[in-house]
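# only the shape, not the letters, is given here:
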C-alpha cells in the first residue's frame, strides 16, 4: 500500500434511472431518482482509501448541506480532508447522471466549488505531496492546480498519474511532460492524440504518441474489454473480469484508486497492478451509486484468491 495525494473534484451525484436515453424532442419518465456521494476525485480517493492507501485530498466544497455531507463521507472512509477548503457563497459540485437499464450512463457536471480550487490550495499541501508515493489528478478542477501539484511532485521525485477526464483537446504541453502515467479511455485518448481508438493496433499507435510526449506509462481503459497497457516492453490488452453491469458510475475511478494501492512508484509491476484494479472495478459496476459500490481491499483480495 502507498501514500497518495489526490487533487480533484467533489460532487453529489443525482441519479436518474431511465430505460434508455431520450431522442431529440422526446419526453420520458424516470423509474427512480437517487442521490449518492461522488465526483471523479472523490471516488478515486475513497477507492484508494478502501484499498488501504493513506489518502490525502486537495479540493473544495461549498458552504452548504452537500458540502458538509461530502466531508462526513470522506471522514467515514478514512480520507484526510485537512486540505479540503469550504468556499463561502458557492455550491458544492453536483453531477446529474442518466443511468440506463443497460448499466451505461451519461453524466452532466455542475462544477460549483470544484472550479475554485487554486494553485495556492495545492501549495498549502506541499508537505503532503512531497511525502506521497503518487499524486493523482483529473480534469474536473482547474488546470493550474493540477500543474502546480505535478510540478511539486516532479521536483520531489514522486510519481504522477493523470486521468484526463472529462475529455479535452487543449491539454497544456507542460502538464503532459510532468505526467508519468496517463489513464484515458478510448474517447479521451482520441481527443488528445487524434487517433481513433477502435483496434489493438490503434491503441498501440495512440500509446506511441503519449510516449513521444514524454509519458512513461499508458493505460487505455476499454470498458468491458479491459485495459490496453503500454510500458517499456509491455504492449497488450489485459482482459476485464466478466460480470453483469448494473451501473458503470465510478468504475474508472475505482480502477485508478485501486491501481495506486498496488503500483510501485517506478511502475515496474504495472501489469499485475492493472489486474488488481480490474478486479476492483468489476465489483463497482455490480452495484448502484459511486461510493456505495466501491469495494474494500479484503473483498478484492478474497475474490482474486478464489479465481
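It's in. Small disclaimer: the values here were computed from a predicted structure and weren't measured.
# low-confidence ranges in the chain?
The chain contains residues with pLDDT under 70 at 307.
# for it, which segments count as helices?
With DSSP state H as the criterion, the chain has helices at 40-50, 65-76, 119-123, 126-130, 143-155, 173-177, 186-193, 200-212, 251-262, 270-284, 297-306.
# so which bits of the fourth one are buried?
Same thing as helix 126-130. By neighbour count with 16 or more other C-beta atoms under 10 Å, helix 126-130 contains the buried residues 128, 129. Any C-beta I mention is one placed from the backbone N, CA and C, and that applies to glycine too.
# residues in contact with it?
Helix 126-130 is contacted from outside by 5, 56, 80, 82, 83, 122, 135, 149, 152, 153, 156, 158, using C-beta atoms under 8 Å, 6 or more residues apart in numbering.
# got a ChimeraX select line for the buried ones in those?
Applying 16+ other C-beta under 10 Å to the contacts of helix 126-130 leaves a buried subset, and the ChimeraX line that selects it is:
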select :5,56,80,83,122,135,149,152,153,158
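# how about the contacts of helix 126-130 in TSV, adding distance to residue 264?
Below are the contacts of helix 126-130 laid out as TSV (distance: C-beta to C-beta, whole Å):
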residue	distance to residue 264
5	17
56	19
80	22
82	27
83	25
122	25
135	15
149	21
152	21
153	16
156	17
158	13
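# wait, residue 39 touches residue 46, no?
No. Judged on C-beta atoms under 8 Å, residue 39 makes no contact with residue 46 at a distance of 9.9 Å.
# how many neighbours does residue 273 have?
Neighbour count of residue 273, defined by other C-beta atoms under 10 Å: 20.
# would you agree it is in contact with residue 266?
No. Here residue 273 lies out of contact with residue 266, judged by C-beta under 8 Å, at a distance of 11.8 Å.
# tell me which of residue 39 and residue 46 has more neighbours.
Taking neighbours as other C-beta under 10 Å, residue 39 and residue 46 compare with residue 39 leading, 32 against 29.
# quick one: residues contacting that one.
8, 9, 10, 11, 13, 70, 93, 95, 114, 140, 290.
# again, but for residue 220
Residue 220 neighbours (C-beta under 8 Å, 6+ apart): 183, 184, 185, 186, 189, 197, 203, 206, 207, 227, 228, 230.
# top of those residues by number of neighbours, please.
residue 189 (28 neighbours).
# so that residue sits against residue 196, correct?
No. Residue 189 lies out of contact with residue 196 (C-beta under 8 Å); the separation is 9.1 Å.
# which neighbours do the two share?
With C-beta under 8 Å, 6+ apart, residue 189 and residue 196 have no common neighbours.
# highest average neighbour count across the helices of the chain?
Each of these was scored by mean neighbour count; the highest is helix 40-50, a mean of 30, by mean count of other C-beta atoms under 10 Å.
# contacts for that one?
Helix 40-50 is contacted by residues 4, 6-11, 37, 55, 57, 59, 70, 73-74, 77-79, 136-138, 140-141, 163, 165, 250, 253-258, 260-261, 280, 290-291, 294-297 when judged by C-beta under 8 Å, 6+ apart.
# can you do 7 Å?
4, 6-11, 55, 57, 59, 70, 77-79, 136, 138, 140, 163, 165, 250, 253-254, 256-258, 260-261, 280, 290-291, 294-297 (C-beta atoms under 7 Å, 6 or more residues apart in numbering).
# my guess is residue 138 meets residue 7, correct?
No. Using C-beta atoms under 7 Å, residue 138 is not in contact with residue 7, being 8.3 Å away.
# buried members of the contacts of helix 40-50 into PyMOL, please.
Only the buried entries of these go into this PyMOL selection, using 16+ other C-beta under 10 Å:
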select buried, resi 4+6+7+8+9+10+11+55+57+59+70+77+79+136+138+140+163+165+250+253+254+256+257+258+260+261+280+290+291+294+295+297
